[in-house]
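>>> Turn this into a structure:
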Amino acid sequence: MGPGRTPTPTPTLTPAEPPQAAATPGTIGESTPRPDGTLKATGEFAYSSDLWHEDMLWGFTLRSPYAHAEIRSIDVGEALAMPGVHTVMTYADLPAETHYGLEVRDQPVLAADRVRYHGEAVAIVAADHPETARRAAARIKVEYAELPLVTDEATATAPGAPVLHPGRTDRHAAHAPHPNIVHRQPIRRGDVAAARARADVVVRRDYEVGMQDQAFLGPESGLAVPAEDGGVDLYIATQWLHVDRDQLAPVLGLPADKVRLTLSGVGGAFGAREDLSMQAHACLLALRTGRPVKIVYNRYESFFGHVHRHPAKLTYEHGATRDGRLLYVQCRIVLDGGAYASSSPAVVGNAASLSIGPYAVDNVDIEALALYSNNPPCGAMRGFGAVQACFAYEAQMDVVAAELGLDPVEFRQRNAMEQGAVMPTGQRVDSPAPVAELLRRVKARPMPRAGGFSDVRELPGGLSNTSHGEGVVRGVGYAVGIKNVGFSEGFDDYSTARVRLEVLGGEPVALVHTAMAEVGQGGVTVHTQIARTELGVAQVVLHPADTQVGSAGSTSASRQTYMTGGAIKHTCEAVREEVFRRGRERFGADHPGWAGAGLLLAGGKVVTGAGEVIGDLAEILGGDAIDIEEEFRHRPTQPFHPETGQGFGHVQYSFCAHRAVVDVDTELGLVKVVELAAAQDVGKALNPLSVVGQIQGGTTQGLGLAVMEEIVVSDGARVRNPSFTDYLIPTILDTPSIPVEVLELADDHAPYGLRGVGEAPTLSSTPAVVAAIRAATGLRLGRVPVRPEHLTDM
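This is a model prediction of the structure:
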């Protein structure tokens with residue numbers, strides 16, 4: 001319990017949760033400050049790990065020490081006998097459905113006959129103190145018999161390989177060439193063989209991307225409270241309240257309306273909170289004991305409690321003419337999905353459809369697939385399949401340019417797609433695609449100062465004082481990427497908003513209620529800006545995000561400003577029209593302006609297009625309120641054809657380019673990223689300050705993948721570095737200057753013409769940094785992250 005907190009019968013929720021007016025007036029296009037920004041910066045913001053209930057118990061999870069093993073027996077007697085322990089649950093105690101999953105319900109709530117990855121949940125404990133729960137879990141006796149491991153494509157598809165999920169009936173199984181392949185997506189267009197025969201230059205190389213963790217700072221946590229109606233109220237940090245509920249209800253044996261979720265303070269997500277972690281365990285323990293149960297993972301457990309970015313092995317072949325025109329691309333992408341499907345099928349679709357980058361190429365032969373293995377489960381992470389592909393295709397563009405003797409930026413610009421270009425899937429790009437312009441802008445920037453190091457922090461190795469400038473070589477690299485926005489491949493992607501407009505104390509107030517998960521992206525700011533813009537009111541109140549309103553979809557795929565922002569805009573328009581309808585009914589005969597078009601709401605007044613006030617909101621409403629809930633959908637997409645990959649698969653594309661400048665100590669293998677400049681088209685910047693922050697944040701996460709971040713899995717498929725001591729992420733000392741240029745080329749299909757922002761910079765920052773390291777060292781560097789030993793041959 002934090003300083004100054006007093007236990008209460010109900011949970012302590014985040015400051016953003018109770019209905020409240022937004023902190024600062026502002027409409028779209030303004031850099032309105034975030035209402036939660038100061039609280040987070042000063043450490044006063046309440047996260048889900050701060051939740052408290054006066055009579056709550058603490059939950060803890062026992063996890064497998066093996067990556068693949070048969071469970072012979074489980075003995076919980078000694079644990080149950082400990083003072084303070086209220087219950088212990090295993091697979092045998094589950095009341096209803098025993099499996100869950102985002103796309104395929106293949107993951108057990110608690111392991112039954114066998115475990116499939118290191119750290120899989122086997123049993124759960126509820127006790128009156130967290131340390132008691134931990135010690136009780138340690139006394140549970142589990143007899144294991146280790147089984148052969150599946151760790152890569154060779155062991156997954158070899159004759160006689162262990163089948164990790166026998167008897168699959170999911171929709172992807174029919175097109176999978178082996179039961180250990182989660183999903184496979186080929187894309188074929190044109191004639192690659194004929195194009196290869198015409199090529200003057202052919203480059204074929206292999207690439208590899210390590211397993212990256214989302215590394216959010218707030219670990220998984222939540223509080224489940226049993227309700228008098230037999231249901232449960234769960235206060236949780238998540239990305240998608242309704243999908244959590246829809247997975248939980250069958251597991252708990254409850255109807256969906258008795259499983260009520262409310263969003264608590266979220267300490268980052270980046271995809272890792274799309275899947276369930278401790279939600280089912282907390283709810284099961286609460287319903288079993290009749291007491292509120294809180295679970296908070298420590299950092300070690302967090303590494304086992306969520307999915308990671310898919311590690312990948314990629315083989316690419318590019319063919320080009322002597323004058324620098326790409327003729328064909330052939331590639332194969334193998335993603336390791338780990339023990340369970342999670343969102344691997346959708347990641348495969350993204351990796352395949354975006355696999356050649358933002359380039360116009362008529363002939364393609366693409367295959368992408370994801371494996372089941374005994375490695376940790378992998379799923380959503382910022383960039384969602386496009387990150388792995390971008391590292392490979394941008395490395396290829398540099399190699400082909402070098403073979404042709406062309407400047408790498410000029411070569412990219414010659415082949416850059418434009419509006420009207422055709423994707424490998426046959427989909428025409430029907431909004432601006434300023435790829436060449438983004439590259440021009442980052443290249444045209446002034447170069448940062450070189451040499452003359454006056455501060456050891458400017459050198460590779462920084463404060464470790466390993467170098468004083470000897471052996472330091474500068475390199476410059478470029479990259480550009482393409483990312484889809486929103487859910488794709490025929491998914492019914494929608495969001496819901498409820499807006500209530502009334503006059504309180506003589507002042508118009510709008511209450512906005514959505515189920516959007518605020519995970520740090522700034523939706524709580526932008527959504528108030530949209531409501532102010534559409535309704536012309538200064539006071540906008542945000543209702544807590546919960547499942548008492550329709551779904552907002554996931555806070556992922558760079559979709560929330562487009563989708564939930566679009567839903568708020570759409571609903572506010574309906575509210576506004578209802579104001580005008582009521583005004584016409586009551587006062588239409590009094591003023592001819594009511595019959596005209598172009599009416600506006602401003603400051604509680606109805607105003608004509610000419611600026612004349614013709615009505616007062618308080619008089620129009622007469623003490624009533626207007627309360628409307630609406631859904632918003634983007635234009636429909638289509639599934640990709642299972643053999644050709646053709647189809648209108650994505651609703652929108654976003655583009656970002658980077659120029660990286662690095663200094664490399666070639667003797668010690670140390671890298672200092674000096675500058676990482678970005679240029680991105682955002683369609684319309686609804687909050688310019690937030691837009692730049694998203695671009696800089698995504699850029700930094702890509703930097704981490706380039707030179708430091710990797711979950712090491714070895715020696716029996718075990719995770720070797722589950723801590724922030726051994727899993728390194730960029731700190732403020734590692735993060736360079738990140739100047740950002742923002743283009744605003746409207747997408748006419750989107751609300752306000754906007755584009756999703758958050759993911760595209762994560763793609764191109766990684767290959768830009770590695771390209772700069774290659775330029776400094778002359779090494780091929782086909783794997784990320786790049787480590788010192790890769791640069792020194794040690």
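
>>> Endpoint to endpoint, stretch 670-689 covers what distance?
One end of stretch 670-689 to the other measures 33 Å (CA to CA, to the nearest Å).

>>> What are the buried residues along that stretch?
Of the residues in stretch 670-689, 670-689 count as buried by neighbour count, 16 or more other CB atoms under 10 Å. C-beta here means a position set from N, CA and C on the backbone, and glycine is covered the same way.

>>> is it true that residue 465 touches residue 456?
Yes - counting by CB atoms under 8 Å, residue 456 is a contact partner of residue 465 at 5.7 Å.

>>> Chain neighbours aside, what residue packs nearest to residue 473?
The spatial neighbour of residue 473 that comes closest, neighbours along the chain excluded (CB to CB, 6 or more residues apart in numbering), is residue 776 at 4.4 Å.

>>> Doesn't that neighbour lie inside a strand?
No - using DSSP: H, G, I helix; E, B strand; the rest coil, the assignment for residue 776 is helix, not a strand.

>>> Quick check: the gap between it and residue 446.
Residue 776 is 19 Å from residue 446, where distance means CB to CB, to the nearest Å.

>>> try residue 399
In this view, residue 399 and residue 446 are 28 Å apart by CB to CB.

>>> With neighbour numbers in mind, choose between those two.
Remark: of residue 399 and residue 446, residue 399 carries more neighbours, 19 against 8, as counted by other CB atoms under 10 Å.

>>> doesn't that one fall inside a helix?
Yes - when classified by three-state DSSP, residue 399 is found to be part of a helix.

>>> so where do the strands sit in the stretch 251-400 of the chain?
Assigned by DSSP state E, counting those that start in this stretch, the strands in the stretch 251-400 of the chain fall at 259-263, 293-296, 312-320, 326-336, 363-371.

>>> tell me the mean pLDDT over stretch 637-652?
In this model, stretch 637-652 carries a mean pLDDT of 98.

>>> Which of the residues in it are classified as buried?
Within stretch 637-652, the residues that count as buried by 16+ other CB under 10 Å are 637, 640-641, 645-652.

>>> contacts for it?
When contacts are defined by CB atoms under 8 Å, 6 or more residues apart in numbering, stretch 637-652 is touched by residues 175, 185-189, 349, 352-353, 366, 424-427, 431, 484-491, 493, 562, 634-635, 747, 749-750, 755-756.

>>> do stretch 784-794 as well
For stretch 784-794, contacts defined as CB under 8 Å, 6+ apart pick out 208-210, 391, 664, 666-671, 704-710, 766, 770, 773, 777, 779, 781, 783.

>>> which parts of it are buried?
Buried residues in stretch 784-794 (16+ other CB under 10 Å): 784-787, 790-791.

>>> Now for the closest residue to residue 572 other than its chain neighbours, how many residues are close by?
Leaving aside its sequence neighbours, residue 572 sits nearest to residue 534 (CB to CB, 6+ apart; 3.5 Å). Using other CB under 10 Å, residue 534 has 23 other residues around it.

>>> what's the model's confidence in whichever helix or strand residue 534 is part of, averaged?
Assigned by DSSP states H and E, residue 534 belongs to helix 523-535. When pLDDT is averaged along helix 523-535, the result is 97.

>>> Stretch 224-244 too?
Taken as a whole, stretch 224-244 has a mean pLDDT of 98.

>>> Return the distance of that stretch from the chain's centre.
The chain centroid and the centroid of stretch 224-244 are separated by 22 Å under CA atoms, centre = their mean, to the nearest Å.

>>> Which positions within it qualify as buried?
224-226, 231-244.

>>> partners of residue 654 in the sheet?
residue 483 (DSSP bridges).

>>> Do I have it right that it meets residue 483?
Yes - counting by CB under 8 Å, residue 654 does reach residue 483; the two are 5.1 Å apart.

>>> between the two, who's got more neighbours?
Using other CB under 10 Å, the more surrounded residue of residue 654 and residue 483 is residue 483, with 33 against 26.

>>> For that one, give its distance to residue 754.
On the measure of CB to CB, residue 483 and residue 754 end up 14 Å apart.

>>> Same check on residue 74?
52 Å.

>>> the more surrounded of these two?
Comparing residue 74 with residue 754 by other CB under 10 Å, the one with more neighbours is residue 754, at 24 against 19.

>>> In contact with that one, which residues are there?
With CB under 8 Å, 6+ apart, residue 754 has these contacts: 561-562, 565, 682-686, 747.

>>> Check the contact lists of residue 654 and residue 483 and give me the overlap.
Common neighbours of residue 654 and residue 483, counting by CB under 8 Å, 6+ apart, are 558, 756, 759-760.

>>> which one of those residues sits closest to residue 594?
Using CB to CB, residue 756 comes nearest to residue 594 of these, at 38.8 Å.

>>> How about the contacts made by residue 776?
By CB under 8 Å, 6+ apart, residue 776 lies in contact with 473-475, 662-664, 666.

>>> which phi and psi does the closest residue to residue 600 other than its chain neighbours have?
Computed as CB to CB, 6+ apart, the closest residue to residue 600 that is not its neighbour in sequence is residue 607, at 4.7 Å. Main-chain dihedrals, residue 607, degrees, to the nearest 10: phi -130, psi 140.

>>> isn't residue 607 right up against residue 601?
Yes - contact status for residue 607 versus residue 601: in contact at 7.5 Å, counting by CB under 8 Å.

>>> Near the closest residue to residue 202 other than its chain neighbours, how many residues? Count them for me, please.
Excluding the flanking residues, the one nearest residue 202 by CB to CB, 6+ apart is residue 319, at 4.9 Å. Residues within reach of residue 319, counting by other CB under 10 Å, total 24.

>>> For residue 319, name its beta-bridge partners.
residue 202, residue 328.

>>> tell me the contacts of it?
By CB under 8 Å, 6+ apart, the neighbours of residue 319 are 195-196, 198-199, 201-203, 326-329.

>>> ChimeraX command to pick out the buried ones of those?
Listed next is the ChimeraX selection for buried residues among the contacts of residue 319, using 16+ other CB under 10 Å:
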select :195,196,199,201,203,326,327,328,329
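
>>> Same list (the contacts of residue 319) but as JSON lines, adding pLDDT.
Converted to JSON lines, the contacts of residue 319 look like this (pLDDT from 0 to 100):
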{"residue": "195", "pLDDT": "98"}
{"residue": "196", "pLDDT": "98"}
{"residue": "198", "pLDDT": "98"}
{"residue": "199", "pLDDT": "98"}
{"residue": "201", "pLDDT": "98"}
{"residue": "202", "pLDDT": "98"}
{"residue": "203", "pLDDT": "98"}
{"residue": "326", "pLDDT": "98"}
{"residue": "327", "pLDDT": "98"}
{"residue": "328", "pLDDT": "98"}
{"residue": "329", "pLDDT": "98"}
